[in-house]
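**Q** Dropping the sequence and predicted coords here.
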Amino acid sequence: MRGSLTLAGGCALCLGAGPLLAADFLRRSGVLVSPGCRRSKVKVAKLYFGIPKAHWPTPKMDINAEMQRYEAEFQRMHNEFADVEFLFNQLLTKKEDVAKLAESFPNVDGILVVHLSMGHIKEWLQELLKLKRPIVVFAAPYSGHEWSEFGALRKDPGGENLECLLTSDTGQLAAAVRPFRAIHHLREAKILNLTTNPPGAERVKSIADKFGTEIKTIELPRVLAAYEAVDLRAAEAETKRWVKNAAKILEPPRNEIFDSCRLALAFERILDEENATVFTVDCYGTMYRKVPAFPCVGFVRLNSMGLGGICESDISSALTFILWQGLTGRPGFISDPTLDESRQAIILAHCLGTIKMDGPNGPSAPYRLRTIMERQEGVVPQVFMRVGQKVTQAKIVDTDKVIYFTGDIIATPDTDRGCRTKIMVKVDGDIEKLWQNWAHGLHRVTVYGDVVLDLKRFCRFKGLQLIDEA
């Protein structure tokens, strides 16, 4: 069944007629690991630390050949770094080399250090830490004894910018870059907010100061003009795709589906004009019944493209959504929860569900076209996500902490209670603790996978407290 419902084309919901298409965007930008950033590539300084003929791993090791062995690994995994620009790629063999390089160091998102041999690596890292940039050290077994000093170094002043991967798995070189990518995405992100009740100037400034994220209020007349400007043939083609690929169409009439698809194309046009990546609408507040259709289809379409569509002008969820894209290359699922302690489970529900939870180039989940449950109007895709999938749920709170928990999808309830799209998640921790300590509103953002280690590294670099809610 899943195969028969897979949406046509390389990027579901985004191919077809019209001048502004996600496929065009991906061609402009290249196939990115995480395409939610339009403006520039992630910049990473890649440095190799080692001393020729050091006792460890062995004085017989050719240090230049060892560096090239790693370079071959980076090349082998080039798809993992398609959105990364590596700077330097230099072998440094003494502290003076590090100090000299630091004098003219460019503005990078992070520094990746590959530890090759025994030496005075602690002192070299101390020089780098003066730059106050995020640093990840990759140290394989036998590279040296310096790993025994890394823990203390992380506790020293400035050590909050140091993370270490002590492993023989060179695939973890991709993990080293993920927190840099998330930092980059948040800094480069531009959120468009359709509302007449925008967040206060102080909050907007605090978000910009902490993450670099820009939040811009969009006026209703601009959206209405963009809606009117959409080619009706493009809107009809978009409507046909949604209808054709739906498992069922239950309540919504075709004209509402058409209006929703037309608005979806208008969202993409405005994002393109603003060079922005995320669109949110105060859909249950100041914009209720003022836009030509509910924005849900437009949001799901953006999410499936690798951009972002966020409900209810929820800026905290938008920031978390961008964070997930940076860390995983996958969109999040914003939800309102309800609990079932008899199954050690939380049910995460929202009317719209994202079809491409594995990312723009991943498989599509089956969906039905429904009305919004509590409004009994509009159009939403009721999505059936993957049972058995590990998930992580989180939310950035203010600009100082992230709350999260993990679990496994054990069911996708199909009942006309609550919102349309639902996943029942068996919580890894204590379900009673989870609900008793619940705070900071209903919304959380769920992403496929256990990404807690990546989240920890990001939070360490950005000075955020990380709290397991369960």
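**A** Done, it's in. Numbers count the residues shown, from 1 in each chain.
**Q** going forward, measure contacts and count neighbours with C-alpha atoms only.
**A** Fine.
**Q** my guess is L466 is in a strand, correct?
**A** Yes: under DSSP: H, G, I helix; E, B strand; the rest coil, L466 sits within a strand.
**Q** Nearest residue to it in space, ignoring adjacent ones along the chain?
**A** V402 (5.0 Å; Cα to Cα, 6 or more residues apart in numbering).
**Q** Which positions in the one helix or strand the one you found maps to come out as buried?
**A** Per DSSP states H and E: V402 is located in strand 401-411. Going by neighbour count (16 or more other Cα atoms under 10 Å), the buried part of strand 401-411 is K401, V402, I403, Y404, F405, T406, G407, D408, I409, I410, A411.
**Q** And for stretch 138-145?
**A** In stretch 138-145, counting by 16+ other Cα under 10 Å, buried: F138, A139, A140, S143, G144, H145.
**Q** try stretch 50-64
**A** Buried residues in stretch 50-64 (16+ other Cα under 10 Å): G50, I51, P52, A54, W56, P57, M61, I63.
**Q** What average pLDDT does it get?
**A** Mean per-residue pLDDT for stretch 50-64: 94.
**Q** Over to stretch 388-404?
**A** Averaging pLDDT along stretch 388-404 yields 97.
**Q** buried residues in it?
**A** Neighbour-count burial for stretch 388-404, counted by 16+ other Cα under 10 Å, picks out 390-397, 399, 401-404.
**Q** Pipe those into JSON lines and attach distance to R254 per row.
**A** Formatted as JSON lines, those follow (distance: Cα to Cα, whole Å):
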{"residue": "K390", "distance to R254": "36"}
{"residue": "V391", "distance to R254": "34"}
{"residue": "T392", "distance to R254": "36"}
{"residue": "Q393", "distance to R254": "34"}
{"residue": "A394", "distance to R254": "36"}
{"residue": "K395", "distance to R254": "36"}
{"residue": "I396", "distance to R254": "38"}
{"residue": "V397", "distance to R254": "39"}
{"residue": "T399", "distance to R254": "43"}
{"residue": "K401", "distance to R254": "44"}
{"residue": "V402", "distance to R254": "41"}
{"residue": "I403", "distance to R254": "40"}
{"residue": "Y404", "distance to R254": "39"}
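**Q** And the residues you listed, which is closest to C283?
**A** K395 (20.4 Å; Cα to Cα).
**Q** any idea how far that closest one is from H443?
**A** Noted for K395: a distance of 8 Å to H443, by Cα to Cα, to the nearest Å.
**Q** Make CSV out of the buried residues of stretch 50-64 and add secondary structure.
**A** Converted to CSV, these look like this (three-state DSSP):
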residue, secondary structure
G50, coil
I51, coil
P52, coil
A54, coil
W56, coil
P57, coil
M61, coil
I63, helix
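**Q** mind exporting the strand or helix carrying E163 as PDB, just the C-alpha atoms?
**A** Here E163 sits within strand 162-166, counting by DSSP H and E. Taking C-alpha atoms only, strand 162-166 is exported to PDB below (Å, rounded to 0.1, in the frame of the first residue of the first chain):
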ATOM      1  CA  LEU A 162      34.700  21.500  22.900                       C
ATOM      2  CA  GLU A 163      33.100  18.200  22.000                       C
ATOM      3  CA  CYS A 164      34.900  14.900  21.300                       C
ATOM      4  CA  LEU A 165      34.200  11.800  19.300                       C
ATOM      5  CA  LEU A 166      36.400   8.900  20.500                       C
END
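**Q** Please identify the buried residues of it?
**A** Across strand 162-166, burial judged by 16+ other Cα under 10 Å covers L162, E163, C164, L165.
**Q** Stretch 115-133 too?
**A** Neighbour-count burial for stretch 115-133 flags 115-122, 124-129, 133 (criterion: 16+ other Cα under 10 Å).
**Q** Alright, calling it a day.
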